[in-house]
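Chemist: Predicted model follows, preceded by the sequence.
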Amino acid sequence: MSIKRTAYLIWVIFQATACINLKEINHFSAEAIKGMQVYESIEFGFETQCRERCIWEAMDQFEIRRELLCDCSTHHLADSITLHLYNALHSYWDGLYQLSDNHLTRYDLSATSEAVQAGTFGEISISAQQVNAYQKIAELLFRAGTEGFRRRKIDRYLREANDDIQVLSEKIAFILESNLAGLLELEKERWYTYYRELGFSDNLSDYEKGKAIIAYYDVLREIDLKLSQTQILAASFRKMAEGHQILADADRKLSQKDLRDRARRYAAELKALGIAYNQIK
């Protein structure tokens, strides 16, 4: 076989392999974006839970004021920092989707323009490792937005970003299922105490106590719904991280068939989580 023909066959094989990789990257990135956008639909956060606590305290003390006295500044900051982490991940996945589809002309760098610092902010703590991961994703997005032949470098971007994607995805999952869910559990306990005391009150008729029981279980259902949402969202972020790990390891550990099968399985599982979330809304 001539050298030219051998070189041509190698080029054909390389192009076919690259095409398969890009197709699976594009497909999984699309599902990741859909999964992340679910996060934007939740109607509660740290500041909301802070205000709920203040309202409950006012009810407990029978306080009626012209304005609710409630300092939720640290909870607002916790929401803001969580949003910064989310925006960094969303920008990365969106860029990866467009880049693998050859549509990207520039990355949106505004999502990572805000600085994130280590420390404790209300209910959440941000470590130096998490700050470093955020900064490195911001730097990668900036470089990818200025480098030439970016589509050819997509495998390198995946490998370079992988550790930081794992860190940020796990942090958001922890914030959802531990920090935010913890506040929801406290809210459940407060309402249980409040309605339990009403049940023993001699000032209410049996009819009024019955209405209070119905109201309690309505509140309980609403909080349990929010808890289910946080659990599904946390699972979605972890599934995105697992899928990214597969894509980043593709050229080193998996055959093309294994890559295709596993990437599609993770994408299907991610899609199923989105369906599950919509079913409990």
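Modeler: Okay, I see it. The structure displayed is predicted, hence computed values, not measured ones.
Chemist: Quick one: mean pLDDT for stretch 239-251?
Modeler: Stretch 239-251 comes out with an average pLDDT of 85.
Chemist: How about that stretch, which residues are buried there?
Modeler: For stretch 239-251, a neighbour-count test (16 or more other Cβ atoms under 10 Å) marks 239-241, 243-248, 250 as buried. Glycine gets a C-beta too; all of them are placed from N, C-alpha and C.
Chemist: just stretch 53-71 next, same as before
Modeler: 53-54, 70.
Chemist: Disregarding residues adjacent in the polypeptide, which is nearest to residue 240?
Modeler: Distances taken as Cβ to Cβ, 6 or more residues apart in numbering put residue 32 closest to residue 240, at 4.7 Å, once the chain neighbours are dropped.
Chemist: What's the first helix or strand after the lowest-mean-pLDDT helix or strand in the chain?
Modeler: When the helices and strands of the chain are scored by mean pLDDT, DSSP states H and E, helix 250-253 comes last with a mean of 59. Elements were assigned by DSSP states H and E; along the chain past helix 250-253, the next helix or strand is helix 256-280.
Chemist: How about residues contacting that following helix?
Modeler: Taking Cβ atoms under 8 Å, 6 or more residues apart in numbering as the criterion, the residues outside helix 256-280 that touch it are 17, 20-21, 24-25, 27-28, 31-32, 34-35, 38, 225, 228-229, 232-233, 235-236, 239-240, 242-243, 246-247, 250, 254.
Chemist: Now do the helices in the stretch 151-281 of the chain.
Modeler: Counting by DSSP state H, counting those that start in this stretch, the stretch 151-281 of the chain has helices at residues 154-174, 181-199, 206-248, 250-253, 256-280.
Chemist: Next, the angle from the last one to helix 206-248.
Modeler: To tie it back to what came earlier, the one meant is helix 256-280. Inter-element angle recorded for helix 256-280 and helix 206-248: 160 degrees (by axes from the mean of the first three to the mean of the last three Cα atoms, to 10 degrees).
Chemist: if we can go back for a sec, could you redo the helices of the stretch 151-281 of the chain as JSON lines and give each row distance to residue 64?
Modeler: As requested, the helices of the stretch 151-281 of the chain are arranged in JSON lines below (distance: least, Cβ to Cβ, whole Å):
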{"stretch": "helix 154-174", "distance to residue 64": "38"}
{"stretch": "helix 181-199", "distance to residue 64": "17"}
{"stretch": "helix 206-248", "distance to residue 64": "19"}
{"stretch": "helix 250-253", "distance to residue 64": "62"}
{"stretch": "helix 256-280", "distance to residue 64": "35"}
